[in-house]
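Novice: pasting the sequence and the predicted coordinates here, then a few questions.
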Amino acid sequence: MSASPPPTRPGMMEPFRLREFRLLLTGFIVGQSMMPLQFVASIAWIQFVADDSVEIIMVGAIGTIRGLGMIGFGLFGGALADRFDRRRLLMVTQAVAFIANILIAVMMWTGSGTNTDLIIFFALTVVASSAHAIDGPTRNAITPEILGPRLTPSGIALNAAAMQLAMPISIFASGLLIDHLGHGTVFAISAFGHLGEVLILAMMSYRTVFSAAHIAARQGQGAGQAVRDIVAGLRYARSKAVILWTVLIVVLMMSLIMPPTGTLGPQWVTTVVGATWSEFSYIAVFWGGGAMVASLILVRFSWIERKGLLTGIGVIVMALGFVVFTNPPTVLNAMLGNALLGIGMSVAMVSANATLAHETPNEMRGRIMGLIFLGMGIAQAVGLPLGAVAQALTMETLFPPLSYAVLAFLAAIIIFRPVILRARVPQHPPEPIAQTVRAGRVALNGAANFILRTAPNKART
């Protein structure tokens, strides 16, 4: 029997040949490209209405409230993605996000920053972030199902590249739009991105396909079954060292670096560095630009199997970005630091997601992907306690030494847990070849069974 031909490297644009992936990606761009507008507008509004003595704490509270929603629904969202049709689940979460963000915009237009206004703002923020926590793992579980093993690394990298292509424009526009249109109008504009995504998802013919055994096993309903699903996902992650440590290093990276550079990053740039909101747009675009370039390179070289090594490199580059961003607090360092932060985050997240998609079966994929979004929720939730410490010590006193400590800590984990670096995502043959090989194996097995069944009868005759 001749050996099967070696797998061919997928082209950069090959996933676009599939209509379902094109629609999924387009909806993702439309919905997610508006997220920077919401985040920056929230910070600008808090700075406008909050007292100077609690301003940093209140900005940190934005991240914490968003994080609580993501923590509360991150694992739950993954369990839902492994139970219901994933396309319909995406449509529901985007519709909820649209309604919540429109109501926030109305509050900004009509409110004056009273305690009641703040309560409404934070309550609606929890709802919007909870929807995002369900949306993330669901979307990441759909991509491998649509593309198959061979094109999944390219598809994940294209998802990141597409988002990063839109994000620099969104980030750049955020400060300018806030200066000219106001917080409420910018929030309202961003909300319609979620509605646009619902309309695009409605055009897809994709429906989630689970195995018969999985369907039979998930017949239980209610909160108890959801908890059992989550526990099963955690047990599976714990049983696989590659999954466990890949998730942990990404969660730690996000939890330690994102709060000071993401949640409190605009505060750092506009107060410590001394930039205006319009100047912030020019500085922040380097994060999105760096991430976009890194994502496009990952698409081009999606065939590289050493995804674990790429994950480790991405984590270290992002930690170095934190160091450059804060040492010393200058416009140039903020730009260079943002570029490294974007590059590192994109490389780490894309490579880690490709590893998890490869290591996890379809019926468990939503819950495992949900662990990554749990880390993002933790990163957001750290904003309030970090903001309180920074309010007491000042950010310029706290952040520079913290950046070096984070770099040393993450590097030590990668060195002492080499299973992270050893993770591989092997290349797969094109689908027609893979199907031929599977068909050949089925035929050989059938022939062997036939021979074994008939041989004894012939012997007796």
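Specialist: On my side now, so go ahead. Bear in mind that the values here come from a model prediction, so they are computed numbers and not experimental data.

Novice: any idea which helix is longest in this protein?
Specialist: When the chain is parsed with DSSP state H, its longest helix is helix 115-181.

Novice: so how far is that one off the chain centroid?
Specialist: The chain centre lies 8 Å from the centre of helix 115-181; the measure is Cα atoms, centre = their mean, to the nearest Å.

Novice: check contacts around residue 311.
Specialist: Listed by Cβ atoms under 8 Å, 6 or more residues apart in numbering, the contact set of residue 311 reads 246, 249-250, 347-348, 351-352, 355, 420-421, 423. For every residue, glycine as well, the C-beta is placed using N, CA and C.

Novice: keep only those of the residues you listed that are in helices.
Specialist: 246, 249-250, 347-348, 351-352, 355, 420-421.

Novice: confidence score at residue 165?
Specialist: Looking at residue 165, its pLDDT is 67.

Novice: low-confidence ranges in the stretch 151-300 of the chain?
Specialist: For the stretch 151-300 of the chain, applying pLDDT under 70 flags the ranges 164-168, 171-172, 175, 209-226, 277.

Novice: hey, where'd the strands end up in it?
Specialist: With DSSP state E, counting those that start in this stretch, there are no strands along the stretch 151-300 of the chain.

Novice: what about the spatially closest residue to residue 37 that is not a sequence neighbour, distance to residue 268?
Specialist: Nearest in space to residue 37, with sequence neighbours left out and distances taken as Cβ to Cβ, 6 or more residues apart in numbering, is residue 190 at 3.9 Å. As for residue 190, its distance to residue 268 is 23 Å (criterion: Cβ to Cβ, to the nearest Å).

Novice: who has more neighbours, the two?
Specialist: Set side by side, residue 190 and residue 268 show more neighbours around residue 190, with 28 against 22, by other Cβ atoms under 10 Å.

Novice: confirm for me that that one is in contact with residue 101.
Specialist: Yes: in terms of Cβ atoms under 8 Å, residue 190 counts as a neighbour of residue 101; the distance is 6.4 Å.

Novice: now the common contact residues for those two.
Specialist: Shared contacts of residue 190 and residue 101, defined by Cβ under 8 Å, 6+ apart, comprise residue 38.

Novice: by contact count, what packs against the host helix or strand of residue 363?
Specialist: Secondary structure assignment for residue 363, by DSSP states H and E: helix 362-381. Using 3 or more Cβ pairs under 8 Å, 6 or more residues apart in numbering; DSSP states H and E, the elements in contact with helix 362-381 are helix 55-81, helix 115-181, helix 222-239, helix 241-258, helix 331-359.

Novice: tell me which residues of stretch 84-93 come out buried.
Specialist: Within stretch 84-93, the residues that count as buried by 16 or more other Cβ atoms under 10 Å are 84, 86-87, 89-93.

Novice: actually stretch 227-247, sorry about that
Specialist: By 16+ other Cβ under 10 Å, the buried positions in stretch 227-247 come out as 229-230, 233, 236-237, 240, 242-247.

Novice: same deal with stretch 145-161?
Specialist: Buried residues in stretch 145-161, defined by neighbour count with 16+ other Cβ under 10 Å: 145-147, 149-161.

Novice: which one of the residues you listed is nearest residue 36?
Specialist: Residue 36 lies nearest to residue 160 out of the buried residues of stretch 145-161, by Cβ to Cβ, at 15.0 Å.

Novice: find the nearest non-adjacent residue to the closest one, please.
Specialist: Excluding the flanking residues, the one nearest residue 160 by Cβ to Cβ, 6+ apart is residue 295, at 4.1 Å.

Novice: separation between the one you found and residue 414?
Specialist: Residue 295 is 22 Å from residue 414, where distance means Cβ to Cβ.

Novice: which of these two has more neighbours?
Specialist: residue 295 (26 against 19).

Novice: quick one: that one from residue 162, how far?
Specialist: Counting by Cβ to Cβ, the gap from residue 295 to residue 162 is 8 Å.

Novice: distance of residue 295 relative to residue 36?
Specialist: The spacing between residue 295 and residue 36, counted by Cβ to Cβ, is 16 Å.

Novice: same question for residue 334.
Specialist: Here residue 334 is placed at a distance of 16 Å from residue 36 (Cβ to Cβ).

Novice: so those two - more neighbours on which side?
Specialist: Here residue 334 and residue 36 are set side by side on neighbour count (other Cβ under 10 Å), and the busier one is residue 334, at 27 against 22.

Novice: return the residues in contact with the residue nearest to that one when sequence neighbours are not counted.
Specialist: Nearest residue to residue 334, sequence neighbours excluded (Cβ to Cβ, 6+ apart): residue 283, at 4.9 Å. Contacts for residue 283 (Cβ under 8 Å, 6+ apart) come out as 269, 273, 275, 331, 334-335, 338.

Novice: equivalent analysis for residue 127, please.
Specialist: Residue 127 neighbours (Cβ under 8 Å, 6+ apart): 69, 96, 100.

Novice: that one and residue 186: what is the separation?
Specialist: According to Cβ to Cβ, residue 127 stands 19 Å off from residue 186.

Novice: likewise for residue 230?
Specialist: Distance from residue 230 to residue 186, counting by Cβ to Cβ: 36 Å.

Novice: what do you get for residue 137?
Specialist: 28 Å.

Novice: one more: residue 110?
Specialist: Taken as Cβ to Cβ, the span from residue 110 to residue 186 is 16 Å.

Novice: what is the burial count for the nearest residue to residue 414 once chain neighbours are set aside?
Specialist: In this structure, residue 414 finds its nearest non-sequential neighbour in residue 312, 4.8 Å apart by Cβ to Cβ, 6+ apart. By the criterion of other Cβ under 10 Å, residue 312 has 28 neighbours.
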